[in-house]
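Participant: Show me the folded form of this:
(2 chains)
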Amino acid sequence: MSDVTPLVSAEGLVKHFPLPRRPFAERRVVHAVDGVGFTINPGETFGLVGESGCGKTTIGKLLLYLEPLTAGHLSVAGHTLSALPSGTERAFRRDVQAVFQDPYGALNPRHKVLDVVGEPLTVQHGVRGAELREQVQELLRVVGLPPRVVDQYPHEFSGGQRQRMAIARAVSVRPKFMVLDEPVSALDVSIRAQVLNLLRDLQDELGLTYLFIAHDLAVVEFMSDRVGVMYLGKIVELADAAELYRRPLHPYTRALLRAAMATDLPRGGRDTVSIEGEVPSPINPPSGCRFRTRCPFAQPRCAAEEPKLASVAEGHAVACHFYGEIEAQLGSPTAAAGVA
Amino acid sequence: MADAPAPVPAPVSTSVLDVRNLDVRFRTRRGPVQAVDGVSFSLAPGEILGVVGESGCGKSTLCTSLVRLLPDNADVTGSIRFRGEELLEKTPAEMREIRGRHITMVLQNPMTAMDPLFTVGNQLDEVLRHNSSMTAEERGRRAMEMLRLVHIPSPVERLRSYPHQMSGGMKQRVLTAMATALKPGLLLADEPTTALDVTIQEQILRLLAEIRATLGTAIILVTHDLGIVRRLTDRVVIMYAGRAVETGETEAIFTDPKHPYTRALLASIPRIGQTARRLTAIEGQIPDLANLPPGCAFAPRCPSAMPDCTNAFPPSFDTGAGRTARCWLHDGRAA
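Facilitator: The predicted structure follows:
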């Protein structure tokens, strides 16, 4: 794995959003992302999972160059994003595309499907007229829509069909890397599986590399090769997808798993970690470990010293001072999962 | 709970709620739309019933029709008996009384369910003032008691705070407190955790289970999330295109689904620890209620569809152990 050159490499990413200045008060900032690093190899899917406000969407935006970095170093598909030279943005958009959560807001309601899906081809390659029509029809076929819909408008379609259009548009310019930010969470349960299968098929056929952002652990596991669990602007655990679910080490990962595994497990579930309280404000994050205010295992050391994301096994890193003690106490909660 | 049910000449039943052949038809400009079609179920005291389905399956309409809060263009027929009394025969004033006190609701969006201009204390007090004869002092005590029951930290300060000072999870706790302050017989929870983060969702679900245990309130939980259903409910009604396609005990349905829709839905959800490269998707789209396919509405997407399925919609077949399925596969006469 280490001899491959990563397609995406992120080091010490920081993104702070300053709040409006108040008189006689120090300027406050929202610590959206606070020192996050990871790499994504070509053809791989890297999953980011966490609750609202954990910074997963901000990371997606940083990788899309929709937000400038506060600090850190970022290289995406050969483009260095801390200093994207003017004039290279169009080339960047050809290599990097995105699909977002809301298929209703993503498609211009005044444009026909032909223009909605074909716009990147026109902008990037100057494709127009009959050739554009032909290529858009081919793209629609690829994502499982009938080619005749090119002359219809987005409002005539359901959420799942619109999301297929958004995917067709994103892959039209043959990107190398795609950011998928909660691409199925707005869809109905029976439609989600269709779209997830489509994304995997396209990845195989076109050799795509994905950053897959979601709050649903089961969906992230299905899609991803490796997964980063985020909490309040930090990655608290990073591992191969199968390993993370077999052997979650961070108490927060255990808590998320408890919530997510409910579909698989009968009433009551397993006794893993259940957490009280709510996510603290990212304006004033807790000292030391940011999870300590909700962690049932927190010790004085957790407030004093911030745990580093440290490797504990091949490809598995965790940021917790006491993961060993916790594992000794609780074991691996998912060892028997999937039996139900 | 103190007042005895009025002496109505109804069959004595042990259930809190008995719904029989409930139909809800909306008169729209595009013609009539049948949002709920022949749904029957009953609910025992302290039982939690899940009503599950995807968007447009009629689950929220069903829930709203129980308390008669549907708009004027809705025609509701059938029977809804609450503690033996027929709700469809009640006057609007009688319904208001029942809604405030005996059947209460917790809805999806806690952000808009409270009045931003009044404190939490005001709003809790209002519920008690309008629906009970408690004195101001009793109401104050009860409000504190309820906030403690729903695990609100520092309840004294909370009574003085405004909704915007609280997080979504906290508001949902307060709303649950309001809904259960008068120990209702039935709580309708329509997607109560959908707007919340997973760890907060987990907390609210635990709270609902506690409420049932301590107050003996029966709960109807409307949701699209099968994980929540399995976690919390005793029995479940699976809805598709306005019909209850499968009903029965939750564990039985999850381990041995009888209706092809239930089976396909369960198979399409990714599971932790699953290693398959592809999911078993249900092909096709959810049907439009105004334009349903003939016969069984699921037939066009059903892997087990037979030629007969498009002729007539199947009645409810008994599949044993108190379970029903509306699918021709379970027609005893056929085999």
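Participant: Now the phi/psi pair for residue A:205, please.
Facilitator: With angles defined as degrees, to the nearest 10, residue A:205 sits at phi -70, psi -40.
Participant: should've said residue A:317
Facilitator: Residue torsions, per degrees, to the nearest 10, at residue A:317 are phi -130, psi 150.
Participant: if I look at it, how far off is residue A:310?
Facilitator: Distance of residue A:317 to residue A:310, given as Cβ to Cβ, to the nearest Å: 6 Å. Backbone N, C-alpha and C define where each C-beta goes, glycine included.
Participant: So for the two, which sits in the more crowded spot?
Facilitator: Of the pair residue A:317 and residue A:310, residue A:317 is the one with more neighbours under other Cβ atoms under 10 Å in any protein chain shown, namely 19 against 11.
Participant: That one and residue A:236 touch, don't they?
Facilitator: No - under the criterion of Cβ atoms under 8 Å, residue A:317 makes no contact with residue A:236, lying 9.5 Å away.
Participant: Give me the common contacts of these two.
Facilitator: residue A:309 (Cβ atoms under 8 Å, 6 or more residues apart in numbering or on different chains).
Participant: The residue positioned nearest the centre of chain A sits in which helix or strand?
Facilitator: Central residue of chain A (Cα atoms, centre = their mean): residue A:213, 1.9 Å from the mean position. Element membership for residue A:213 (DSSP states H and E) is strand A:209-214.
Participant: Provide the strand pairings for that strand, with the direction of each partner.
Facilitator: Using DSSP bridges, the strands paired with strand A:209-214 in its sheet are strand A:45-49 (parallel), strand A:177-181 (parallel).
Participant: before we move on, the earlier item: what are the bridge partners for the residue nearest to the centre of chain A, then?
Facilitator: Taking DSSP bridges, one finds residue A:48, residue A:181 as the beta-bridge partners of residue A:213.
Participant: Now the residue in the stretch 1-150 of chain A that chain B sits nearest to: closest residue in space that isn't a chain neighbour?
Facilitator: Nearest residue of the stretch 1-150 of chain A to chain B (Cβ to the nearest Cβ) works out as residue A:51 at 4.0 Å. Once flanking residues are discounted, residue A:51 sits nearest to residue B:197: 4.0 Å by Cβ to Cβ, 6 or more residues apart in numbering or on different chains.
Participant: Quick one: residues contacting the one you found.
Facilitator: A:51-52, A:215, A:279, B:169.
Participant: pLDDT score for it?
Facilitator: Looking at residue B:197, its pLDDT stands at 84.
Participant: The one 5 residues further on now?
Facilitator: Note on residue B:202: pLDDT of 84.
Participant: near chain B, which residues of the stretch 51-200 of chain A show up?
Facilitator: A:51-52, A:158, A:160-161, A:188-194, A:196-197, A:200 (Cβ under 8 Å from any Cβ of the partner chain).
Participant: Now the buried members of the residues you listed.
Facilitator: Buried subset of these (neighbour count, 16 or more other Cβ atoms under 10 Å in any protein chain shown): A:51, A:158, A:160-161, A:188-194, A:196-197, A:200.
Participant: hmm, which two among the residues you listed are most spread apart?
Facilitator: Across those, the longest distance by Cβ to Cβ is 29.2 Å; it joins A:51 and A:161.
Participant: doesn't residue A:278 make contact with the residue of the stretch 1-150 of chain A closest to chain B?
Facilitator: No - contact criterion Cβ under 8 Å: residue A:51 and residue A:278 do not qualify, at 9.5 Å.
Participant: joint contacts of these two?
Facilitator: Contacts common to residue A:51 and residue A:278, judged by Cβ under 8 Å, 6+ apart, are residue B:200.
Participant: picking up where we left off before, which of the buried ones among the residues of the stretch 51-200 of chain A next to chain B fall in helices?
Facilitator: A:160-161, A:189-194, A:196-197, A:200 (DSSP state H).
Participant: ok, of these, which one's closest to residue B:48?
Facilitator: residue A:189 (20.5 Å).
Participant: shaky segments in the stretch 101-250 of chain B?
Facilitator: Nowhere does the stretch 101-250 of chain B drop to pLDDT under 70.
Participant: if we go to 90?
Facilitator: B:107-113, B:130-133, B:148-158, B:165-170, B:193-206, B:225, B:227-228, B:230-231 (pLDDT under 90).
Participant: interface residues of it facing chain A?
Facilitator: Residues of the stretch 101-250 of chain B lying near chain A (Cβ under 8 Å from any Cβ): B:167, B:169-170, B:197-203, B:206, B:224, B:226-228, B:230-232, B:250.
Participant: ok, of those, which come out buried?
Facilitator: B:169-170, B:197-203, B:224, B:226-228, B:230-232, B:250.
Participant: The stretch 1-150 of chain A: helices as residue ranges?
Facilitator: Counting by DSSP state H, counting those that start in this stretch, the stretch 1-150 of chain A has these helices, from start to end: A:56-63, A:89-95, A:113-125, A:129-142.
Participant: For the shortest one, name the packing helices and strands.
Facilitator: Yep, that's helix A:89-95 we're talking about. strand A:79-80, helix A:113-125 (3 or more Cβ pairs under 8 Å, 6 or more residues apart in numbering or on different chains; DSSP states H and E).
Participant: how about the helices of chain B, start to end?
Facilitator: B:59-66, B:92-101, B:120-131, B:136-149, B:155-159, B:168-180, B:198-215, B:226-232, B:250-255, B:260-268.
Participant: For the third one, what is the distance to the chain centroid?
Facilitator: Looking back up the chat, that one is helix B:120-131. 24 Å (Cα atoms, centre = their mean, to the nearest Å).
Participant: likewise the first one?
Facilitator: Distance of helix B:59-66 from the chain centroid (Cα atoms, centre = their mean) equals 7 Å.
Participant: How about the fourth one?
Facilitator: Centroid separation for helix B:136-149 versus its chain: 27 Å, with Cα atoms, centre = their mean.
Participant: Now do that helix and helix B:120-131, the angle between them.
Facilitator: 120 degrees (axes from the mean of the first three to the mean of the last three Cα atoms, to 10 degrees).
Participant: I'd like to know which elements helix B:136-149 is packed against.
Facilitator: helix B:120-131, helix B:155-159, helix B:168-180, helix B:198-215.
Participant: Show me the contact partners of the shortest one.
Facilitator: Translated: helix B:155-159. B:119-121, B:124, B:143-144, B:147-148, B:152, B:166, B:174.
Participant: If you rank those residues by neighbours, which is first?
Facilitator: residue B:120 leads the contacts of helix B:155-159 on contacts (other Cβ under 10 Å) with 27 neighbours.
Participant: Which residues are in contact with that one?
Facilitator: Counting by Cβ under 8 Å, 6+ apart, the residues that residue B:120 touches are B:114, B:158-163, B:166, B:174.
Participant: again, but for residue B:168
Facilitator: Applying Cβ under 8 Å, 6+ apart, the residues contacting residue B:168 are B:110-111, B:195-196, B:200.
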